[in-house]
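Asker: Sequence and computational prediction follow.
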Amino acid sequence: MSGPGGGVPTGRRGVGEQIPLSLSLQERASFENFHGLSRHANLALLEDIGSGTGPHMIYLWGPEGVGKSHLLYATCNALEGNRGRSVVLPLRRSQRKNPELLEGMEQYDLVALDDIDAVAGSALWEESLFHLLNRLRDLGSRVVITAQTSPSGLNLDLPDLRSRIGEGVVEHLTPLEDREKWDVLQKRSEARGMVMGDEVASFLMSRTARDFHTLFALLDQLDEQTLVAKRRLTIPFVKELLSL
């Protein structure tokens, strides 16, 4: 079921608008399966928000593929598990829509604004976001914001919105080192019942993009195909499946 104005409530109540993550990932996202949580001291505050406490606003920024959306959904899922109500607004996919979809979002305990930089520079969107953040603050609701740039780097024309966003806790997410990504890939593979040896992991890391969006999409494909073919992961099998 879609939230008011086209937002995407989390939990298992359905999705009205296609979002840039698979439903399975949206449902699976948790703090436990986010690798690198310990590298960022402020991320413990997201767990607080998921329990219904914590700061009013957290702003997560970093390049694509570092796990911003994963953490956003993990926070929402944790809150839903504690009987809170949350909604995800995928702004990159909503930027061509009327910002009136933000109306009524203050009814949620947590509003997650994914990719806020996608609507920066739009006077209508900036004005609507400013008023939404004011309503959420007045009602004691919480906000998680993601972007690819820092708050100071946002191309915002409305000083009041820049000031309001600046009130939040800011956390810069940085990519894991290649060896850490290698470990994550093998652990994710093992959790799915697949054994990924060092040779296969090295092969994938050397021949594909190394962001987690790409790596996890490949893992989904490999998981499906190994089940169908009833074969284990080997370099020849991976080459055949992925045409590498």
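Answerer: Received the coordinates, thanks. All values derive from a computational prediction rather than experimental measurement.
Asker: and the residue lying closest to R231 once chain neighbours are set aside, how far is that from L185?
Answerer: Among residues not flanking R231 along the chain, F237 sits closest, at 5.5 Å (Cβ to Cβ, 6 or more residues apart in numbering). C-beta: built from backbone N, CA, C; applies to glycine. According to Cβ to Cβ, to the nearest Å, F237 stands 16 Å off from L185.
Asker: ranges for the helices of the protein?
Answerer: Assigned by DSSP state H, the helices in the chain fall at 23-28, 44-50, 68-81, 91-94, 123-139, 159-165, 178-191, 198-207, 212-229, 235-242.
Asker: mind checking which of those is nearest L101?
Answerer: helix 91-94 (6.6 Å; Cβ to Cβ).
Asker: which secondary structure elements does that closest one contact?
Answerer: On a contact count with 3 or more Cβ pairs under 8 Å, 6 or more residues apart in numbering; DSSP states H and E, helix 91-94 meets strand 110-114.
Asker: Hmm, L233 and M194 touching each other?
Answerer: Yes: using Cβ atoms under 8 Å, M194 is in contact with L233, at 5.8 Å.
Asker: between those two, what contacts are shared?
Answerer: Both M194 and L233 are contacted by 222, 226, under the criterion Cβ atoms under 8 Å, 6 or more residues apart in numbering.
Asker: Need the residue closest to the centroid of this structure.
Answerer: Centroid-nearest residue in the chain: S69, 0.6 Å away (criterion: Cα atoms, centre = their mean).
Asker: Surely it touches L113?
Answerer: No: counting by Cβ under 8 Å, S69 does not reach L113; the two are 11.4 Å apart.
Asker: Now do the shared contacts for these two.
Answerer: Contacts common to S69 and L113, judged by Cβ under 8 Å, 6+ apart, are T146.
Asker: By mean pLDDT, which helix or strand of the protein comes out lowest?
Answerer: Taking mean pLDDT, DSSP states H and E as the measure, helix 23-28 is the helix or strand of the chain with the lowest mean score, a mean of 55.
Asker: In the protein, where is pLDDT below threshold?
Answerer: The model of the chain has pLDDT under 70 over residues 1-27, 36-39, 95.
Asker: any idea how it splits into domains?
Answerer: As recorded under automatic domain parsing, the domains making up the chain are 4-172, 178-242.
Asker: ok, now which ones touch V66?
Answerer: So, once contact is read as Cβ under 8 Å, 6+ apart, V66 ends up touching 173-175, 211-212.
Asker: Apply 10 Å and report the result again.
Answerer: 36, 60, 146, 148, 172-176, 211-213 (Cβ atoms under 10 Å, 6 or more residues apart in numbering).
Asker: N42 too?
Answerer: Contacts of N42 (Cβ under 10 Å, 6+ apart): 55, 58-60, 169-172.
Asker: Farthest-apart pair in these, please.
Answerer: Among the contacts of N42, the pair separated by the greatest distance (Cβ to Cβ) is P55 and H172, at 16.2 Å.
Asker: Of the two, give the one with the bigger neighbour count.
Answerer: P55 (15 against 12; other Cβ atoms under 10 Å).
Asker: ok, the more buried one to L46 distance?
Answerer: 10 Å.
Asker: tell me, what's touching these two both at once?
Answerer: V169.
Asker: Let's see stretch 164-180 as PDB, backbone CA atoms only.
Answerer: Output of stretch 164-180 as PDB, limited to C-alpha atoms (Å, rounded to 0.1, in the frame of the first residue of the first chain):
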ATOM      1  CA  ARG A 164      17.400  23.200   8.900                       C
ATOM      2  CA  ILE A 165      19.400  20.300   7.400                       C
ATOM      3  CA  GLY A 166      22.500  21.500   9.200                       C
ATOM      4  CA  GLU A 167      20.800  20.800  12.500                       C
ATOM      5  CA  GLY A 168      21.100  17.100  11.900                       C
ATOM      6  CA  VAL A 169      23.900  14.700  12.900                       C
ATOM      7  CA  VAL A 170      26.100  14.200   9.800                       C
ATOM      8  CA  GLU A 171      27.900  11.000   8.900                       C
ATOM      9  CA  HIS A 172      30.200  10.600   5.900                       C
ATOM     10  CA  LEU A 173      30.100   7.000   4.600                       C
ATOM     11  CA  THR A 174      33.300   5.900   2.800                       C
ATOM     12  CA  PRO A 175      33.800   2.800   0.600                       C
ATOM     13  CA  LEU A 176      35.300  -0.300   2.200                       C
ATOM     14  CA  GLU A 177      38.800  -1.400   1.100                       C
ATOM     15  CA  ASP A 178      38.900  -4.100  -1.600                       C
ATOM     16  CA  ARG A 179      39.900  -6.700   0.900                       C
ATOM     17  CA  GLU A 180      36.900  -5.800   3.100                       C
END
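Asker: Sounds good, over and out.
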